[in-house]
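J.: Got a sequence here, can you model it:
(one chain, ligands or ions: 1)
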Amino acid sequence: MEEPVWRPDARRSENSNMARFVRFVRERTGNVDMVRYAPLWKFSVREPEQFWPLVWEFCGVRAVGEPTPVLVNGDAMPGAHWYPNVRLNFAENLLRHRSDAPAIVFRNEWGHAREFSHAQLYAQVARLVAALRQAGVSPGDRVAGYLPNLPETVIAMLATVSLGAIWSSTSPDFGAQSVVDRFGQIQPKVLFAADAYPYGGKTHAYLDRVREVSAALPTLERIVVVAYSGAPVALSDWPRAVAWDAFVGAHDAGRIEFAQMPFAHPLYILYSSGTTGVPKCIVHGAGGTLLQHLKELVLHTDLKHDDRIFYYTTCGWMMWNWLVSGLATGACIVLYDGSPLRQKGSVLWNLIDATGVSIFGASAKWLAAVEKMGVRPRESHRLSSLRTVLSTGSPLAPESYDYVYRDVKRDVLLASISGGTDIVSCFALGNPLLPVYRGELQCRGLGLKVEAYNERGQPVRGAPGELVCEAPFPAMPVGFWNDPDGVKYRAAYFQRFPGVWAHGDFIEITPRGGVIIYGRADATLNPGGVRIGTAEIYRQVEQLDEVLESVAVGQQWKGDVRIVLFVCLRDGLELDDALRERIRQLIRTNTTARHVPARIEQVTDIPRTISGKITEIAVRDMIHGRPVGNIDALANPDALGEFAALRETLEAG
Ligand SMILES: CC(=O)CC(=O)O
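T.: Now for the predicted structure:
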């Protein structure tokens, strides 16, 4: 039997929030069998109307009104409603700890270091609430952030939401057109931006882009600019613009009157990657997001008030929203603005030691990249505060589990977590009660009736299928913006299997209840009619020292589909037949003959979305000579040229 790569010791699991919650549910329900995670998960999906109120109480949600009924129209998917008689304010829940303990620790590539206690954070938010109120912001208005990963970004979100207005953010690496594609759809009243940001050893000034964006957004009444770089910022010729300090300056930090809004009141607007057209505006509700994030942070991530939690993210990725919710537990969130590969790949490991991070998160790609760079923090860093490593963004290869336990730290819970923008949270995550198996996410999230469906829409176990969720959950979006009849919303998630949420991931639920992610369902390869997840191939190829990254797509070929693999190699290397053969051999030995690519080609770059995900669909379109859905959604559209140039060669044989 396969051995786990890590097990929690008895003290750690006994003291975890999840263990306390198991005991709490056992006492409340009188169910004596409730001693482990498996019966708890079953209870959570069978009895949602009992389960969610227990999460609510255990996590201390602040709200007014009647918490019953919990669920109305509970069989409808979509169409179920949660807590129709409750009113709450999301920001009030995040700002409920007013102590002198640290709430935000901030560092950046320029060497800036700032810290805010929970009390100071509350005061900063209070002043901005007053300024926004005076600027006319009221419930339901949209406030947008085109901002680096700053304390001000968190403060602006909290102030917006305190007023019952809706927050939406993108990071400054987005081009003006991409920002207009997003914010142009939601008609914001206020835009927050900064003058510049540090990345990769350079200062990137972007006020010109902010001007371009604001010129295209006629609904904007105010543009509030953070003078982040320290250089003078001239705004006098820009009538709607004001410096952050001037905007906030005249207001005192009083008590915040948090607008009490319905449970489903819009909180955030997030955007789909937009690779197939204009990005969809996904609207997340305040109550559902709060409850789901608390469940994930408190129970699955075991976040406690004395923790320091870090995720490498920008405010354009949902992991930023997820991280910020950590404030509700009284914990400290650690923010870093800059490239994660600075200091020879050690910058984030240095940050852990410098700031005492206990829960550390980054993308699976970053873990693979620092491993390739030869970084071995176990030899160079103390990492004494570190007890959990989180990974997401793409499937975490089994070899990355080896890296973490061998080269980072032996005694950490390595939790690969997966969900995404559509639910601003996760379907599968970590669990302090369970062992970690190489290549496997530990469990399905509580309250989420996740299954893997075969093509006939039947649940399968121990075999690949599509990730679905069979029952309503509070963190389902409340809808899409500008989609009053819900047509786009239903088409996005409920077309494939009526009445069931289809997430678009290709996964396997293992017999012991773990989850393996094979990649996106729309990128699966179908040679000879057999579905193969792209992650199965990347995992093999990227083990080779020569290969930095790869992308695999299916090419229509003689009435079937054949696999074509593109590899980016280390600087100066050229793909030759010997390396091709080693790649094929590795794939053949560790997977099946069907996984072996028919063609392997070298490229220098792989197209990725602005949030850093490689896009197989754009590559597939290029090699078939089809137009790529939305080039503005790509961070590096120039990368497409190489694939177009290879089209003829690929068509020839
Ligand atoms: C939690 C996630 O699934 C994050 C992502 O991949 O976008």
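J.: what comes up buried for the longest helix seen in the chain?
T.: The single longest helix within the chain, with elements called by DSSP state H, is helix 118-134. Buried residues in helix 118-134, counted by 16 or more other Cβ atoms under 10 Å: 118-133. Bear in mind the C-beta positions are built from the backbone N, C-alpha and C, glycine included.
J.: Most widely separated two among those?
T.: Using Cβ to Cβ, those reach their maximum pairwise distance at 118 and 133, which is 22.2 Å.
J.: Would you mind listing what in this structure touches the ligand?
T.: Residues of the chain lying close to the ligand by Cβ under 6 Å from any ligand atom are 318-319, 392-393, 417-421, 426.
J.: Next step: those residues restricted to strands.
T.: By the criterion of DSSP state E, membership of those in strands covers 392, 418-420, 426.
J.: If you rank those by neighbours, which is first?
T.: Among these, the one with the most neighbours (other Cβ atoms under 10 Å) is residue 426, at 28 neighbours.
J.: just the strands in the stretch 151-300 of the chain please.
T.: Using DSSP state E, counting those that start in this stretch, the strands of the stretch 151-300 of the chain run over 166-170, 190-194, 196-199, 202-205, 222-226, 241-243, 261-262, 266-271, 281-285.
J.: Same check on the stretch 501-650 of the chain?
T.: Going by DSSP E, counting those that start in this stretch, the stretch 501-650 of the chain shows strands at 501-509, 515-520, 547-557, 560-569, 599-603.
J.: and these as CSV, adding distance to residue 638 and mean neighbour count?
T.: Shown next, in CSV, are the strands of the stretch 501-650 of the chain (distance: least, Cβ to Cβ, whole Å; neighbours: other Cβ atoms under 10 Å):
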stretch, distance to residue 638, mean neighbour count
strand 501-509, 27, 23
strand 515-520, 23, 23
strand 547-557, 15, 21
strand 560-569, 14, 21
strand 599-603, 12, 19
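J.: out of the ones you listed, nearest to residue 157?
T.: strand 501-509 (25.8 Å).
J.: Could you spell out the sheet neighbours of the closest one, each with its direction?
T.: strand 464-469 (antiparallel), strand 515-520 (antiparallel) (DSSP bridges).
J.: ok, residues contacting that strand?
T.: Applying Cβ atoms under 8 Å, 6 or more residues apart in numbering, the contact partners of strand 501-509 are 77, 418, 420, 422, 427-428, 444, 450-453, 460-470, 476, 493-496, 515-522, 524, 531, 533.
J.: ok, now with 6 Å
T.: 452, 461, 464, 467-469, 493, 496, 515-519, 521, 524, 533 (Cβ atoms under 6 Å, 6 or more residues apart in numbering).
J.: how about those residues, which pair is most distant?
T.: Pairwise distances among those were taken by Cβ to Cβ; the largest, 22.9 Å, belongs to 461 and 493.
J.: Distance-wise, check the closest residue to residue 254 other than its chain neighbours relative to residue 145.
T.: Excluding its sequence neighbours, the residue lying closest to residue 254 (Cβ to Cβ, 6 or more residues apart in numbering) is residue 126, at 5.7 Å. Here the criterion is Cβ to Cβ, to the nearest Å. By it, residue 126 lies 19 Å from residue 145.
J.: Check residue 103 too.
T.: 19 Å.
J.: If you count surrounding residues, which of those two has more?
T.: Neighbour comparison, residue 103 and residue 145: the larger count goes to residue 145, with 30 against 27 (by other Cβ under 10 Å).
J.: tell me the pLDDT at that one?
T.: Per-residue pLDDT puts residue 145 at 98.
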